[in-house]
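In: here are the coordinates; sequence isn't available:
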Ligand SMILES: Nc1nc(=O)c2c([nH]1)NC[C@@H]1CN(c3ccc(C(=O)N[C@@H](CCC(=O)O)C(=O)O)cc3)CN21
Ligand SMILES: O=c1ccn([C@H]2C[C@H](O)[C@@H](COP(=O)(O)O)O2)c(=O)[nH]1
């Protein structure tokens, strides 16, 4: 995971202090790109132990198209708790836009089903895109995330905003545009999540693995993560683990938590950090 550590080091050393919505303050840069060859191992950060269980459940929850965190809660995943209403509502966030994008005539568009169909039937297309950025549903910034969710707006505007797939020589690649990135806490989750999603889509479309390309807008280190960043940058990266996916699963909607097994994950100890809400 040298690419990730290089980004972290670059922002620590060259990032410029910038105030932000949460009040914590950041060191920030604008524009960066990383590339991971998915055939060379599963890109999970090794310089701190990452909680893959939360990442897998979050991805399965996106694929279900839900706006409520009940499924996450049932599975002990707490990463979205701070933004939800008391009833667990986040408003029409990622999953809802992927599966139930509201169209003009009251109908909804299932972008994920359409994407899989197009990858199978027209792999050369340059239009394999899913977008979660829906300007009609962005939150009202004068009220809190949970107050937005309560009135049917997104609790937070999507950070992983738009992604595109690309097929070449039977290999599937994915590029994500992430408009805003918390490098210490969010990015290890985002890399692993999109790498896994690309592997799952490759399996159900009978494609080999290409690259995951991760493109950033505002990539930042929160000022209260800088000690943790120094600790992490003092550690040597370890060989990448492998991800086993149950080969029997043939539909993107049929995966369950038991269909994944992370193998040979060697990692340095976990490093705690506070999340800015
Ligand atoms: N400031 C901020 N950073 C984010 O990464 C982020 C947000 N806000 N808001 C929305 C989602 C929620 N995400 C989160 C939320 C919490 C953790 C977190 O606390 N991670 C810990 C514990 C992991 C666990 O409980 O599984 C970590 O050490 O990785 C990570 C990503 C990613 N997003
Ligand atoms: O998947 C995610 C979701 C969120 N983040 C981070 C990026 C920012 O630090 C905050 C969102 O705040 P905004 O003011 O809306 O940009 O959450 C992430 O890194 N990955």
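Out: Now that the structure is in, tell me what you want to look at. All figures in this text were calculated on a predicted structure; none of them were measured in a lab. Residues are numbered from 1 along each chain as shown. Ligands and ions are numbered 1, 2, ... in the order given.

In: residue numbers of the stretch 1-150 of the chain in contact with ligand 2?
Out: residue 21 (CB under 6 Å from any ligand atom). Where you see a C-beta, it was placed from the backbone N, CA and C, and this is true even at glycine.

In: which parts of the stretch 1-150 of the chain sit against ligand 1?
Out: So far as CB under 6 Å from any ligand atom goes, the stretch 1-150 of the chain lies against ligand 1 at 51, 54, 78-80.

In: rerun at 5 Å
Out: 51, 54, 79 (CB under 5 Å from any ligand atom).

In: looking at this, residue 262 is in a strand?
Out: Yes: using DSSP: H, G, I helix; E, B strand; the rest coil, the secondary structure at residue 262 is a strand.

In: picking up where we left off before, list only buried entries from the residues of the stretch 1-150 of the chain next to ligand 1.
Out: 54, 79 (16 or more other CB atoms under 10 Å).

In: show me where the stretch 101-250 of the chain has its strands.
Out: Taking DSSP state E, counting those that start in this stretch as the test, the strands found in the stretch 101-250 of the chain are 101-102, 108-109, 129-131, 160-168, 171-182, 208-222, 242-245.

In: and the longest one, what does it pack onto?
Out: I take that to be strand 208-222. helix 2-14, strand 26-37, strand 160-168, strand 171-182, helix 186-204 (3 or more CB pairs under 8 Å, 6 or more residues apart in numbering; DSSP states H and E).

In: strand partners (parallel or antiparallel) of it?
Out: Using DSSP bridges, strand 208-222 pairs in its sheet with strand 26-37 (antiparallel), strand 171-182 (parallel).

In: how far is stretch 107-121 from where the chain is centred?
Out: Its chain's average C-alpha position is 20 Å from that of stretch 107-121, according to CA atoms, centre = their mean, to the nearest Å.

In: next one: stretch 110-123
Out: On CA atoms, centre = their mean, the centre of stretch 110-123 falls 20 Å from the chain's centre.

In: tell me which residue lies nearest the centroid of this protein.
Out: With distances taken as CA atoms, centre = their mean, the residue of the chain nearest its centroid is residue 190 (3.2 Å).

In: got the contact list for it?
Out: For residue 190, the contact set (CB atoms under 8 Å, 6 or more residues apart in numbering) comprises 159-160, 176, 178, 181, 214.

In: filter those residues down to the buried ones, ChimeraX style.
Out: Of the contacts of residue 190, the buried ones go into a single ChimeraX selection, burial set by 16+ other CB under 10 Å:
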select :159,160,176,178,181,214
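
In: quick check: mean pLDDT across stretch 167-175?
Out: The pLDDT scores in stretch 167-175 average 98.

In: which residue, neighbours along the chain excluded, lies closest to the closest residue to ligand 2 within the chain?
Out: Here the chain gets closest to ligand 2 at one residue, residue 186, 2.3 Å apart by CB to the nearest ligand atom. Nearest residue to residue 186, sequence neighbours excluded (CB to CB, 6 or more residues apart in numbering): residue 159, at 6.9 Å.

In: phi first, then psi, for that neighbour.
Out: Main-chain torsions, residue 159, degrees, to the nearest 10: phi -90, psi -50.

In: coming back round to it: now the strands of the stretch 101-250 of the chain in TSV, with distance to residue 147?
Out: Shown next, in TSV, are the strands of the stretch 101-250 of the chain (distance: least, CB to CB, whole Å):
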stretch	distance to residue 147
strand 101-102	21
strand 108-109	25
strand 129-131	25
strand 160-168	23
strand 171-182	21
strand 208-222	24
strand 242-245	38
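
In: buried residues of stretch 132-140, list them for me.
Out: Buried residues in stretch 132-140 (16+ other CB under 10 Å): 132, 137, 139.

In: show me the contacts for the last one.
Out: Residue 139 sits next to 91, 145, 148, 153-157 when contact means CB under 8 Å, 6+ apart.

In: from the residues you listed, pick the one nearest residue 167.
Out: residue 157 (29.7 Å; CB to CB).

In: residue most distant from the centroid, the chain?
Out: residue 105 (30.2 Å).

In: which non-adjacent residue is nearest residue 188?
Out: residue 45 is the one closest to residue 188 (CB to CB, 6+ apart), at 4.2 Å.

In: state the distance from the one you found to residue 5.
Out: 9 Å (CB to CB, to the nearest Å).

In: ok, these two, which is more surrounded?
Out: residue 45 (22 against 18; other CB atoms under 10 Å).
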